[in-house]
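Visitor: Show me the folded form of this:
(2 chains)
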Amino acid sequence: GQNIDQPTEMTATEGAIVQINCTYQTSGFNGLFWYQQHAGEAPTFLSYNVLDGLEEKGRFSSFLSRSKGYSYLLLKELQMKDSASYLCAVRPSWGKLQFGAGTQVVVTP
Amino acid sequence: DAGITQSPRHKVTETGTPVTLRCHQTENHRYMYWYRQDPGHGLRLIHYSYGVKDTDKGEVSDGYSVSRSKTEDFLLTLESATSSQTSVYFCATGTGQVLAGATDTQYFGPGTRLTVL
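Guide: Predicted coordinates for the structure are as follows:
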């Protein structure tokens, strides 16, 4: 079956760095996505990895290791507005996404 | 972001009644999806469409049907709503591009909060 695991919750202080890990076991792999979702809102796209390595986009970076079935999302210089749920999603076959349950990040002053 | 709207945004209904949720997009995306989101489960795919009149089941399709008669509209119907279908429903769209370098990102609508009493 398909399995995507990420921690339920993480807490960090404003200005700090937080790393959200995601491990996956899927029947196929055609890319991994990270989405941000604020409470009561729609998920919004953050990053995409299909090849091994690090993708950097401003304060956010995402890393992928296909051989290990592992990704992480790194949030630097945390701001209060970064308090949200972060969703890891794998595309096992073209056109479909399989989501993890999400990691709630709480940023404290 | 894709122009995606959902209607209604909130609905309260009773067990056994039929319910239809509408998703409308203005981006001419080929793929459209319906997900439900419940605490502890994340987003789960109900049904998706890869073109007009072309649909397929997702992982939690029992009790749901869909229709797509136009590129821009994708309807989700609960034939006889049950309390277990109380959830937040999200529509998403994607290009389905298979060209090299295309990410085929899915973009989400604002969601519909459905309560079945």
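
Visitor: Which residues of chain A lie near chain B?
Guide: Taking C-beta under 8 Å from any C-beta of the partner chain as the measure of proximity, chain A contacts chain B at A:31, A:33, A:41-45, A:48, A:50, A:87, A:89, A:91, A:94-102. C-beta here means a position set from N, CA and C on the backbone, and glycine is covered the same way.

Visitor: 7 Å - rerun?
Guide: A:31, A:42-43, A:45, A:48, A:87, A:94-97, A:99-102 (C-beta under 7 Å from any C-beta of the partner chain).

Visitor: in what helix or strand does the residue most central in space within chain B lie?
Guide: Closest to where the C-alpha atoms of chain B average out (C-alpha atoms, centre = their mean) is residue B:34, at 2.1 Å. With secondary structure defined by DSSP states H and E, residue B:34 is part of strand B:31-38.

Visitor: who does that strand pair up with?
Guide: Strand partners for strand B:31-38, identified by DSSP bridges, are recorded as strand B:42-51 (antiparallel), strand B:87-94 (antiparallel).

Visitor: what about burial for the residues of chain A next to chain B, which qualify?
Guide: A:31, A:42-43, A:45, A:48, A:87, A:95-97, A:99-102 (16 or more other C-beta atoms under 10 Å in any protein chain shown).

Visitor: Rebuild these as JSON lines, extending it with secondary structure, distance to residue B:8 and pLDDT.
Guide: Conversion of those to JSON lines gives the following (DSSP: H, G, I helix; E, B strand; the rest coil; distance: C-beta to C-beta, whole Å; pLDDT from 0 to 100):
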{"residue": "A:31", "secondary structure": "coil", "distance to residue B:8": "33", "pLDDT": "92"}
{"residue": "A:42", "secondary structure": "coil", "distance to residue B:8": "16", "pLDDT": "96"}
{"residue": "A:43", "secondary structure": "coil", "distance to residue B:8": "20", "pLDDT": "97"}
{"residue": "A:45", "secondary structure": "strand", "distance to residue B:8": "25", "pLDDT": "94"}
{"residue": "A:48", "secondary structure": "strand", "distance to residue B:8": "32", "pLDDT": "93"}
{"residue": "A:87", "secondary structure": "strand", "distance to residue B:8": "24", "pLDDT": "97"}
{"residue": "A:95", "secondary structure": "coil", "distance to residue B:8": "27", "pLDDT": "75"}
{"residue": "A:96", "secondary structure": "coil", "distance to residue B:8": "27", "pLDDT": "85"}
{"residue": "A:97", "secondary structure": "coil", "distance to residue B:8": "25", "pLDDT": "90"}
{"residue": "A:99", "secondary structure": "strand", "distance to residue B:8": "24", "pLDDT": "95"}
{"residue": "A:100", "secondary structure": "coil", "distance to residue B:8": "29", "pLDDT": "95"}
{"residue": "A:101", "secondary structure": "coil", "distance to residue B:8": "27", "pLDDT": "95"}
{"residue": "A:102", "secondary structure": "coil", "distance to residue B:8": "25", "pLDDT": "96"}
